[in-house]
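Participant: please work out how this folds:
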Amino acid sequence: MKSAVQQFLRHLKLERNSSELTIKSYGDDFASFYDYLEDRVGEIPSPENITIGILRGYVSYLHECQYARTTIARRLAALRSFFRYTTREGLTSANPAKALRTPRTGRKLPHFLTSEQVASLLEAPPANDPMGLRDRAMLETLYSAGLRVAELVSLDVSDWDRTANILRVFGKGKKERIAPVGSYASRALERWLTVRSPDPDAPAEDHDAMFLNKFGRRLTTRSIGRMIDKYLKETGLSSLTSPHTLRHSFATHLLDGGADLRAVQELLGHKSLTTTQIYTHVSTRRLRETYEHAHPHASRVE
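Facilitator: Predicted structure coming up:
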């Protein structure tokens, strides 16, 4: 079983171009499954000997442990994907996970900021020192282009076409897309690049990195999370705000402004339109709240 899982994870990395984070998450999910098998079954059977009964027992176990529905759904998705692979590769004669039912998770509406709150956050970094200029450029780029944090840290200077004012972005599965950059972000990037100073001894892949840490090397996603937290405290914005909130705000503000849903899907790099549609619910909710607050006959009179 463990050998087949390692083979599957290599397949995800080399053939599906899955991110390191995805592979780590899948690895953690299989570790949980191993623990269950050793505890309840007494051994870790080969993939061919895993039955639908064993898998249903695992689902019941996850519910007993009161895992969140989203966690259970993710772990079942990992098993489904694994057994599809083993069946296709001839490691199993059938897919025992095919009949598994995923618990309904519901969809939480994403947290977003108003235009005024975004402006407050973007103006928080100081404009009179290199790190402040870098932070302004990062925040402006996250909001202007709707980037994921991993996409931001992987940007190289050469990915920015200054003439067309577009970014070449590599999203999930290393899928490439083009992201337009607004004038505010463009100016912030220009200011940052005048003070950007890469470490000459840094690895080759860091030399062209768009955003650098104080040592002149490529930033990490964790560093951006810490940077956001710092400015949240200064501005007093909701603690629910994260680097991804700027992406949520980007999509919500575009739809509020009348952008086409499919255009927003393309700008976000979503594979499915269903993923993008969550933002229409956000815009509809805001519209309803505005109506109830502003219209004199909106409130129900008992």
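Participant: for the stretch 151-300 of the chain, which spans come out with low pLDDT?
Facilitator: 281-300 (pLDDT under 70).
Participant: for residue 128, list the residues it contacts.
Facilitator: Applying C-beta atoms under 8 Å, 6 or more residues apart in numbering, we find residue 128 in contact with no residue. (Each C-beta comes from the backbone N, C-alpha and C, glycine too.)
Participant: adjust the sequence numbering to begin at 23 for everything that follows.
Facilitator: Happy to do that; since the first residue is 23 now, the last one works out to residue 150.
Participant: and the residue nearest to residue 72 when sequence neighbours are not counted, which of the three is it?
Facilitator: Counting by C-beta to C-beta, 6 or more residues apart in numbering, residue 72 lies nearest to residue 118, which is 5.5 Å off, once chain neighbours are set aside. When classified by DSSP: H, G, I helix; E, B strand; the rest coil, residue 118 comes out as coil.
Participant: separation between residue 118 and residue 216?
Facilitator: Relative to residue 216, residue 118 is positioned 59 Å away (C-beta to C-beta, to the nearest Å).
Participant: tell me how far stretch 146-166 lies from the chain's centre.
Facilitator: Distance of stretch 146-166 from the chain centroid (C-alpha atoms, centre = their mean, to the nearest Å) equals 21 Å.
Participant: buried stuff in that stretch?
Facilitator: 146-147, 152, 154-166 (16 or more other C-beta atoms under 10 Å).
Participant: list the ones among those residues that fall in helices.
Facilitator: Mapping these onto helices (DSSP state H) picks out 152, 154-166.
Participant: got TSV for those, with distance to residue 111 and pLDDT too?
Facilitator: Shown next, in TSV, are those (distance: C-beta to C-beta, whole Å; pLDDT from 0 to 100):
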residue	distance to residue 111	pLDDT
152	51	94
154	52	95
155	51	97
156	46	96
157	47	96
158	49	96
159	46	96
160	42	96
161	45	96
162	46	95
163	41	96
164	40	94
165	43	94
166	44	94
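Participant: ok, those residues vs residue 25, which is closest?
Facilitator: Among those, residue 164 lies closest to residue 25 (C-beta to C-beta), at 41.0 Å.
Participant: between residue 118 and residue 216, which is the more surrounded one?
Facilitator: It is residue 118, of residue 118 and residue 216, that has more neighbours when counted by other C-beta atoms under 10 Å, with 22 against 9.
Participant: the residue nearest to residue 72 and residue 44, how far apart?
Facilitator: 23 Å.
Participant: ok, now residue 246?
Facilitator: Distance from residue 246 to residue 44, by C-beta to C-beta: 19 Å.
Participant: before we move on, what about residue 29?
Facilitator: The value you get for residue 29 to residue 44, if C-beta to C-beta is used, is 16 Å.
Participant: between those two, which is the more surrounded one?
Facilitator: residue 44 (17 against 14).
Participant: so for the more buried one, what's the nearest residue that isn't a sequence neighbour?
Facilitator: The spatial neighbour of residue 44 that comes closest, neighbours along the chain excluded (C-beta to C-beta, 6+ apart), is residue 34 at 6.9 Å.
Participant: so that neighbour touches residue 42, yeah?
Facilitator: No: between residue 34 and residue 42 there is no contact under C-beta atoms under 8 Å: 10.4 Å.
Participant: which of those two has more neighbours?
Facilitator: residue 34 (18 against 9).
Participant: which helix or which strand is home to that one?
Facilitator: According to DSSP states H and E, residue 34 maps onto helix 24-36.
Participant: now that helix, how far from the centre of its chain.
Facilitator: Remark: helix 24-36 is offset 23 Å from the chain centroid, using C-alpha atoms, centre = their mean.
Participant: go on, stretch 178-193?
Facilitator: Distance, centroid of stretch 178-193 to centroid of chain: 20 Å (C-alpha atoms, centre = their mean).
Participant: with stretch 185-201 instead?
Facilitator: Averaging C-alpha positions (C-alpha atoms, centre = their mean) puts stretch 185-201 15 Å from its chain's average.
Participant: contacts for that stretch, please.
Facilitator: With contacts defined as C-beta under 8 Å, 6+ apart, stretch 185-201 is touched by 38-41, 163, 167-170, 173, 176-177, 181-183, 202-203, 208, 288-289, 291, 293.
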